[in-house]
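In: need the 3D shape of this:
(chains A and B)
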Amino acid sequence: DVKVTQSSRYLVKRTGEKVFLECVQDMDHENMFWYRQDPGLGLRLIYFSYDVKMKEKGDIPEGYSVSREKKERFSLILESASTNQTSMYLCASSPLPTGARDEQFFGPGTRLTVL
Amino acid sequence: AQSVTQLDSHVSVSEGTPVLLRCNYSSSYSPSLFWYVQHPNKGLQLLLKYTSAATLVKGINGFEAEFKKSETSFHLTKPSAHMSDAAEYFCVVSASGTYKYIFGTGTRLKVLA
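Out: Residues are numbered from 1 along each chain as shown, chains lettered A, B, ... in the order given. Here you go, the predicted model:
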């Protein structure tokens, strides 16, 4: 079974803090994704990585950065957390090097609250 | 440009009755289409996918969906709802040669006893 794990299920941080969300997949997938999920908005792509050290901005990258130093690990960084970044964050991976014809495998999510 | 519209934000059915969750898409290319389910406090799980093979796609837990190009639809159905089907369902479209998956806003399914 493919496993995508996220470092925390629930996280509470203060405004202005630097926040790290970690994601690890165990199936040697090339592609990894970070999404944000908000009620009524579905999932919105923050960043995408198709290889180690390679990244591309998604639809809502502002206020976020990412790091992929190893193939299995993809980190999302909130440089200075703000209350409007309170949300559910979902990590996903997929096996193809290009294209999006195959399914994504999702982690359980991290619910982040910024006070 | 691609887009996906889930026509109902909430659907309620009685246990044992059919389920219909509606999805319309727009894509300039030959699309791949997916349905995912999300149970409370869980990640998303793939129910089924269409990638230009058979237009009627069977998935897990008795769900199926039909790709109708003329109607640009990919509705999800199940003949008989079970209490465990209560969850949020997402329709997703992607296009060949891109990395992007476009998610619908979700349909929350409630199953009444």
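
In: how about residue A:72, phi and psi?
Out: Dihedral angles phi and psi of residue A:72 (degrees, to the nearest 10) take the values phi -90, psi -10.

In: ugh, wrong one, residue B:60
Out: According to degrees, to the nearest 10, the main-chain angles of residue B:60 amount to phi -80, psi 160.

In: chain A contacts on chain B?
Out: Near chain A, the residues belonging to chain B are B:9, B:32, B:34, B:36, B:41-46, B:49, B:51, B:90, B:94-101, B:103-106 when assessed by Cβ under 8 Å from any Cβ of the partner chain. To be clear about C-beta, it is placed using only N, CA and C from the backbone, and glycine gets the same treatment.

In: if we go to 6 Å?
Out: Residues of chain B found near chain A, taking Cβ under 6 Å from any Cβ of the partner chain as the criterion, are B:32, B:43-44, B:46, B:49, B:51, B:94, B:96-99, B:101, B:103-106.

In: buried only: go through those for me.
Out: Among those, those buried by neighbour count (16 or more other Cβ atoms under 10 Å in any protein chain shown) are B:32, B:43-44, B:46, B:49, B:51, B:94, B:99, B:101, B:103-106.

In: please identify the buried residues of stretch B:57-77?
Out: Using 16+ other Cβ under 10 Å, the residues of stretch B:57-77 that count as buried are B:57, B:59, B:63, B:64, B:65, B:67, B:72, B:73, B:74, B:75, B:76.

In: now that stretch: mean pLDDT?
Out: Rounded to a whole number, the mean pLDDT of stretch B:57-77 is 94.

In: quick one: end-to-end distance for that stretch.
Out: 10 Å (Cα to Cα, to the nearest Å).

In: ditto for stretch A:93-112
Out: For stretch A:93-112, the end-to-end distance is 20 Å (Cα to Cα).

In: how far out from the middle of the chain is it?
Out: In terms of Cα atoms, centre = their mean, to the nearest Å, the gap separating the centre of stretch A:93-112 from the centre of its chain is 10 Å.
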